[in-house]
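*Asks:* based on what follows, work out the 3D shape:
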Amino acid sequence: MTVESVQPQTSGAPAQLREPPLAGGAVPVFGHGLKLVRDPLDFMSRLRDHGDIVRLRLGPKTVYAVTTPELTGALALSPDFKIDGPVWESLVGLLGKEGVATANGPVHRRQRRTIQPAFRMDAIPAYGPIMEEEAHALTERWRPGETVDCTSESFRVAVRMAARCLLRGAFMDERAERLSTDLATVFRGMYRRMVVPLGPLYRLPFPANREFNRALADLHLLVDEIVAERRASGQKPDDLLTALLEAKDDNGEPIGEQEIHDQVVAIITPGAETIASTIMWLLQALAEHPEHAEKVRAEVESVTGGRPVGFEHVRSLRHTNNLILEAIRLRPAVWILTRRATADTALGDYRIPAGADIIYSPYAIQRDPRSYDRHLDFDPDRWLPERAKEVPKYAMSPFSVGNRKCPSDHFSMAQLSLITAAVTARYRFEPAADSNDAVRVGITLRPDNLRLRPLPW
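*Replies:* The predicted model follows:
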């Protein structure tokens with residue numbers, strides 16, 4: 001089964017458009033923002049009970065929440081909606097206005113053309129040796145019975161893989177630690193700014209604001225260091241950073257320094273955050289479901305013949321890949337997304353005005369009991385071909401669809417498969433006494449403080 005095999009349904013044009021209903025529970029000034037802060041996952045998961053699309057109040061704003069797989073698919077594919085809204089406004093401070101993650105229209109199309117060759121299917125095998133080296137280095141750093149800080153280890157391997165494959169950067173552990181710490185602070189602060197838009201209050205010198213500003217500044221400094229080191233080296237390896245440094249705009253001129261900076265941020269930051277978060281959830285799943293960890297271990301041994309797992313084995317690791325899909329289904333790193341209507345338009349039976357912000361939650365979509373039998377069970381076998389066809393169209397789109405589909409989907413799945421196979425071939429896991437796998441909600445989801453003890457089989 002592949003994620004791409006889940007395709008959209010189409011429906012006939014509605015006879016009469018209507019305004020979506022207002023969700024209950026709004027309070028003065030903050031609207032529904034306090035509910036999104038206090039228990040956002042439960043709040044978003046319950047919205048479908050009130051309609052396919054419902055209106056929310058986030059401070060002074062009215063936001064439209066889309067709750068069904070079919071309509072989220074239509075939203076992603078419609079030219080009447082662009083990448084914008086509360087999530088993306090929050091991310092502009094991190095990703096900039098000129099990176100592929102936040103740009104729209106012709107600029108976005110040009111930027112995708114620049115970076116796409118690095119993620120083509122025929123380009124990914126060249127990254128195989130680096131992915132293998134980093135995946136096995138991760139297991140070598142661990143000692144049986146000693147507690148592993150899964151947050152720092154997951155960020156370290158995610159950052160090193162991305163940097164060595166795409167930027168050929170000399171990323172040492174100290175930089176990975178800086179990025180891990182900065183991202184945790186920045187993404188947490190951006191989520192607060194999205195759901196409780198208090199504007200000028202976030203510019204006051206409160207401790208949380210100072211911490212956010214320090215982390216954001218250090219993150220951009222780190223990117224400047226990467227670009228400056230490459231320029232000073234005079235080297236031009238066949239990688240994504242070289243492509244950016246040599247890219248031309250629509251007039252045939254070199255792209256500006258700000259766009260180069262924003263593109264590097266857009267490449268490293270979301271990838272490190274989402275892949276690291278997913279690795280944490282995979283480790284948590286392996287510890288919580290030892291029966292599936294044993295199936296992965298047996299599969300890896302069968303496929304490799306007892307040799308170290310390598311890139312050439314990834315496509316044959318069917319249960320391993322299904323386990324990854326199921327972990328992503330239940331704990332998607334990217335749990336909330338937004339769009340903005342560019343014109344008066346329709347979505348399903350509802351009228352959406354120009355300029356309206358749209359919000360939807362992959363977390364809620366992917367856990368909906370209307371779409372999944374035993375929807376809260378961890379069941380990798382639901383992605384076997386004969387069962388995957390039961391999943392409604394667009395009920396599982398972890399890399400999005402349409403022109404905003406993540407260009408690194410195959411790259412990311414290869415990373416996750418190698419890491420999962422390498423660690424499981426060597427270790428089983430049990431939680432340490434001080435571990436806390438409760439969900440930490442920010443722009444992304446991750447365990448609060450996952451700490452595991454790797455033990456030999």
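*Asks:* give me the below-cutoff pLDDT ranges for the chain.
*Replies:* Flagging of the chain using pLDDT under 70 yields the residue ranges 1-15, 85-103, 169-174, 176-177, 191-192, 194-198, 403-404.
*Asks:* what segments of it are strands?
*Replies:* 53-58, 61-66, 81-83, 148-149, 337-341, 345-347, 350-352, 357-360, 427-431, 436-441, 445-449, 451-456 (DSSP state E).
*Asks:* could you dump these into a markdown table and include mean neighbour count?
*Replies:* Yep, even glycine has a C-beta here, placed from its N, CA and C like the rest. Listed next are the strands of the chain as a markdown table, based on neighbours: other CB atoms under 10 Å:
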| stretch | mean neighbour count |
| --- | --- |
| strand 53-58 | 22 |
| strand 61-66 | 22 |
| strand 81-83 | 20 |
| strand 148-149 | 19 |
| strand 337-341 | 22 |
| strand 345-347 | 19 |
| strand 350-352 | 21 |
| strand 357-360 | 23 |
| strand 427-431 | 18 |
| strand 436-441 | 16 |
| strand 445-449 | 20 |
| strand 451-456 | 17 |
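*Asks:* just send these back as JSON lines, with distance to residue 36 too.
*Replies:* Output for these, formatted as JSON lines (distance: least, CB to CB, whole Å):
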{"stretch": "strand 53-58", "distance to residue 36": "7"}
{"stretch": "strand 61-66", "distance to residue 36": "10"}
{"stretch": "strand 81-83", "distance to residue 36": "20"}
{"stretch": "strand 148-149", "distance to residue 36": "29"}
{"stretch": "strand 337-341", "distance to residue 36": "12"}
{"stretch": "strand 345-347", "distance to residue 36": "21"}
{"stretch": "strand 350-352", "distance to residue 36": "20"}
{"stretch": "strand 357-360", "distance to residue 36": "9"}
{"stretch": "strand 427-431", "distance to residue 36": "29"}
{"stretch": "strand 436-441", "distance to residue 36": "9"}
{"stretch": "strand 445-449", "distance to residue 36": "14"}
{"stretch": "strand 451-456", "distance to residue 36": "28"}
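*Asks:* out of these, which is closest to residue 323?
*Replies:* Closest of the strands of the chain to residue 323 is strand 427-431, at 13.6 Å (criterion: CB to CB).
*Asks:* the closest one to strand 436-441, inter-axis angle?
*Replies:* 80 degrees (axes from the mean of the first three to the mean of the last three CA atoms, to 10 degrees).
*Asks:* strand partners of strand 427-431, parallel vs antiparallel please.
*Replies:* Partner strands and pairing direction for strand 427-431 (DSSP bridges) are strand 451-456 (antiparallel).
*Asks:* now what about the partner strand, what contacts it?
*Replies:* When contacts are defined by CB atoms under 8 Å, 6 or more residues apart in numbering, strand 451-456 is touched by residues 142-150, 283-284, 287, 423, 426-432, 434-436.
*Asks:* in the lengthiest helix in the chain, what counts as buried?
*Replies:* In terms of residue count, the longest helix belonging to the chain (DSSP state H) is helix 257-288. Across helix 257-288, burial judged by 16 or more other CB atoms under 10 Å covers 259-287.
*Asks:* please apply the same query to stretch 16-25.
*Replies:* Under 16+ other CB under 10 Å, the buried positions of stretch 16-25 are 20, 22, 23.
*Asks:* next: stretch 394-402.
*Replies:* Going by 16+ other CB under 10 Å, stretch 394-402 has these buried residues: 394, 395, 396, 397, 398, 399, 401.
*Asks:* that older thread, now, the buried residues of stretch 16-25 that are in helices?
*Replies:* Going by DSSP H, the helices hold none of the buried residues of stretch 16-25.
*Asks:* including distance to residue 83, could these go into JSON lines?
*Replies:* Converted to JSON lines, the buried residues of stretch 16-25 look like this (distance: CB to CB, whole Å):
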{"residue": "20", "distance to residue 83": "21"}
{"residue": "22", "distance to residue 83": "26"}
{"residue": "23", "distance to residue 83": "24"}
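*Asks:* hmm, residue 104 is touching residue 110, no?
*Replies:* No: with contacts counted by CB atoms under 8 Å, residue 104 stays clear of residue 110, the gap being 11.5 Å.
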